[in-house]
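Asker: sequence first, then the predicted structure, then my questions.
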Amino acid sequence: MMIVLQTMASLTSHSLFNYSLRLCPTRRPSFSPHSTVKRLAEREIKFSAFYNKINRRYTSSSSAVATDSVDTAVVANERDKASNDASNEKVVLPTNESSERLLRIRHSCAHVMAMAVQKLYPDAKVTIGPWIDNGFYYDFDMEPLTDKDLKRIKKEMDRIIGRNLSLIREEVTRDEAQRRIMAINEPYKMEILDSIKEDPITIYHIGNEWWDLCAGPHVESTGNINRKAVELESVAGAYWRGDINKPMLQRIYGTAWENDVQLKAYLHFKEEAKRRDHRRLGQDLDLFSIQDEAGGGLVFWHPKGAVIRHIIEDAWKKIHMEHGYDLLYTPHVAKVDLWKISGHLDFYRENMYDQMKIEEELYQLRPMNCPYHILVYKRKLHSYRDFPIRVAELGTVYRYELSGSLHGLFRVRGFTQDDAHIFCLDDQIKDEIRGVLDLTEEILLQFGFSKYEVNLSTRPEKAVGGDDIWEKATSALKDALDDKGWSYQIDEGGGAFYGPKIDLKIEDALGRKWQCSTIQVDFNLPQRFDITYVDSNSEKKRPIMIHRAVLGSLERFFGVLIEHYAGDFPLWLSPIQARILPVTDSQLEYCNEVTRILKASGIRAEVNSGERLPKLIRNAEKQKIPLMAVVGPKEVETQAVTIRSRFGGELGTMTINDFVIKTKSAIENRTFY
């Protein structure tokens, strides 16, 4: 079954968006969970052939039994799966936006689940139960649930669905709704009723057995739900109204689709997303960690992860300097007065760490880089001839996040923004925005991201700055996007109070969309810091300030990269590009010499020894090393290496010089061996 998912599903705030299972064209031509199985099977077959060849060459028959050989039965099984799946049909998953029927099913499933819970647990109190991008959830005030409980609830849901009970809409007065809620002793429903401003109050019944306050929509009867297309996924704690001072509720998440084929497709995607989880891969590949001894949300970049960060930073700096930016480095702390002027102390205090007292003065860890860049601008008087002025910094900031909201590299407390600010004149806004769009595309393409979702947010009701400058800035953003040829959606009134903005989400190998790049025009900080320039009439004017980030933060972007590539980085980005494997310790000296030559040529290489060759090969596979160079007595004798590529399979035996030339060429051209 070939699967293409196109959904706005979201298991969490960072996953399962607009899903289309395919790999970036620069990496592989197409992708689906089953094409992945096929690709892995083919890789295993190639690996098996390479392994067997090396094994026959360097292992005696007496020791062959002890080797960690590939399980040929598993390989054959995967090959059969790939063959069978290729003949099945294509599945396209709908979204809540594209299918009203799906939305009705999901909303109805939430009610059916609540009815099932209260049948099984009569003391449970219901709260709210909305549909969400990939299904539905409902919050209950009750004792903690287990996975076993979820199975019981699902069975009860199946019974309710099988009874084909009607879902009936009823309108009642507010007083009548209040009377009914009090009669069944549902305090949360009373609070919900108080928050509803419209009259009359609408109620939905499931048969004559259960009801809830609801505006709809729903299916006509429970029989319109395919119980084979519904699954309860997990249970989690959630505070009522998201307030930690209110009761902890039990939130049950479920997923629902129009048919069981769609559910299977979704579950395949879910498994693939789990396989790519950057937290697991970060540990398995020794890329990064978050140490309890140091505190939550603080990232430790391990040597291999630091290599990739170094590559990202070098590419970022190079492109920025080519595009006319000056690089900055600024302090991590500043006097509190700076944050008073910027407004952060008034409007952002809950995300800032406590102040520290130094020599009777209060200092603050920076949550943003903007005020620092403004101070650099203010160091001297500027003329209109100086513009545009572009400054950029990989600046580490610190923001307080609740421990419960921390999530791997995606939600942390200390992170490095790829921050930049442009100071320009009114009539330069369009060209500068277009330049940012070009730079953004250039950077993202380097890392395999070529598909974006773009949103333009316009003036909200409360805003600083006059109508004329808002109109001019918004038109400039639109014109720049039109010039670029990028399609975009307009979010009316969604801009910040200080200016319009462009947000760009990148699409990864699973079709999920990640917020990374942002471009914001700012009329507020130039006014707060009273920054000026001298115009052609020798009068002081205020410049336009543009905030922009391409990657968002290095930590979050690294997490996206890990999941995009499933930790299987292309050769040019891989922290270890080649691993040299001796058949026995007798070849270790030659292996060290090969490694020295590779490193001197700019190739990241290492020797791995101390185990039998089959295990060394398997370990290299598990660590997703792009190139393996096996060295035995024959290679030492001929001053050569036998090469296997993760993506190209067995490449045969070649001289060290040829290996260096081919590897450097593949790295420079960012191609696969």
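Answerer: Looks like it arrived, so ask away.
Asker: run a quick neighbour tally on the nearest residue in space to residue 474 that is not next to it in sequence.
Answerer: Spatial nearest neighbour of residue 474, chain neighbours left out: residue 500 (4.6 Å); criterion: C-beta to C-beta, 6 or more residues apart in numbering. C-beta coordinates here come from the backbone N, C-alpha and C atoms, glycine included. Other residues lying near residue 500 total 28 when counted by other C-beta atoms under 10 Å.
Asker: same thing with the one 3 residues further on?
Answerer: When neighbours are defined as other C-beta under 10 Å, residue 503 has 19 of them.
Asker: quick check: chain neighbours aside, which residue is closest to it?
Answerer: residue 455 (4.8 Å).
Asker: dump the residue contacts of the one you found.
Answerer: 488-491, 494, 502-505 (C-beta atoms under 8 Å, 6 or more residues apart in numbering).
Asker: and it, how far from residue 494?
Answerer: Relative to residue 494, residue 455 is positioned 8 Å away (C-beta to C-beta, to the nearest Å).
Asker: and what of residue 344?
Answerer: Taken as C-beta to C-beta, the span from residue 344 to residue 494 is 22 Å.
Asker: do the same with residue 167
Answerer: Distance of residue 167 to residue 494, computed by C-beta to C-beta: 34 Å.
Asker: who has more neighbours, those two?
Answerer: residue 167 (24 against 16).
Asker: show me what contacts that one?
Answerer: 108, 111, 204-206, 218-222.
Asker: host element of it?
Answerer: strand 167-172 (DSSP states H and E).
Asker: in PDB, could you pull the C-alpha coordinates for that strand?
Answerer: C-alpha atoms of strand 167-172 as PDB (Å, rounded to 0.1, in the frame of the first residue of the first chain):
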ATOM      1  CA  LEU A 167     -27.200  12.300  17.800                       C
ATOM      2  CA  ILE A 168     -29.900  14.900  18.400                       C
ATOM      3  CA  ARG A 169     -29.500  18.700  18.600                       C
ATOM      4  CA  GLU A 170     -31.700  20.500  21.100                       C
ATOM      5  CA  GLU A 171     -32.000  24.200  21.900                       C
ATOM      6  CA  VAL A 172     -32.800  25.200  25.500                       C
END
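Asker: that one pairs with which strands, parallel or anti?
Answerer: strand 201-206 (antiparallel) (DSSP bridges).
Asker: any idea how far residue 529 is from residue 482?
Answerer: Distance of residue 482 to residue 529, computed by C-beta to C-beta: 32 Å.
Asker: more neighbours: the two, which one.
Answerer: Neighbours were counted for residue 482 and for residue 529 using other C-beta under 10 Å; residue 529 has more, 18 against 13.
Asker: residue 418 versus the nearest residue to the more buried one once chain neighbours are set aside, what's the distance?
Answerer: Nearest residue to residue 529 in three dimensions, chain neighbours excluded: residue 374, at 4.9 Å (C-beta to C-beta, 6+ apart). Distance, residue 374 to residue 418, using C-beta to C-beta: 18 Å.
Asker: residue 471 too?
Answerer: Residue 471 is 30 Å from residue 418, by C-beta to C-beta.
Asker: so which residues of the stretch 401-550 of the chain form strands?
Answerer: Counting by DSSP state E, counting those that start in this stretch, the stretch 401-550 of the chain has strands at residues 414-424, 452-457, 489-491, 501-507, 513-522, 533-534, 540-541, 544-553.
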